[in-house]
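Colleague: can't give you the sequence, but here's the structure:
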C-alpha cells in the first residue's frame, strides 16, 4: 500500500490572505521553505506544521492528510 501526503497549504494560505513571504515571516522560515512545502518538495517538521496551522487558524489536518492507494 502506497501512502502520499496530500497538501492543502496553498489553498489555506491564499484564503487567509497571506503571500508566501508573509507566511514565512510569521513562522520564521524563508519564503523558499513555504514554496517547497506547497510544491511537495519538502515535508515540514511537526513543529513547523503546527506553527503554520496556528498562523492560518486551521488544524494541521486541514493542511495535510494521508492518502492511501494500492
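Modeller: Received it, and whenever you're ready, just let me know what you need. Bear in mind that the values here come from a model prediction, so they are computed numbers and not experimental data.
Colleague: show me what contacts the residue positioned nearest the centre of the chain?
Modeller: The centroid of the chain falls nearest to residue 9 when counting by Cα atoms, centre = their mean (4.0 Å). For residue 9, the contact set (Cβ atoms under 8 Å, 6 or more residues apart in numbering) comprises 34, 37-38, 52, 63-64. Just so you know, the C-beta spots here come from the backbone N, C-alpha and C atoms, and that holds for glycine as well.
Colleague: so which of those are in strands?
Modeller: Per DSSP state E, strands hold the following members of these: residue 64.
Colleague: neighbour-wise, which one of the contacts of residue 9 leads?
Modeller: Counting neighbours by other Cβ atoms under 10 Å, residue 34 comes out on top of the contacts of residue 9 with 27 neighbours.
Colleague: please report the distance of residue 48 from residue 70.
Modeller: As defined by Cβ to Cβ, to the nearest Å, residue 48 lies at a distance of 31 Å from residue 70.
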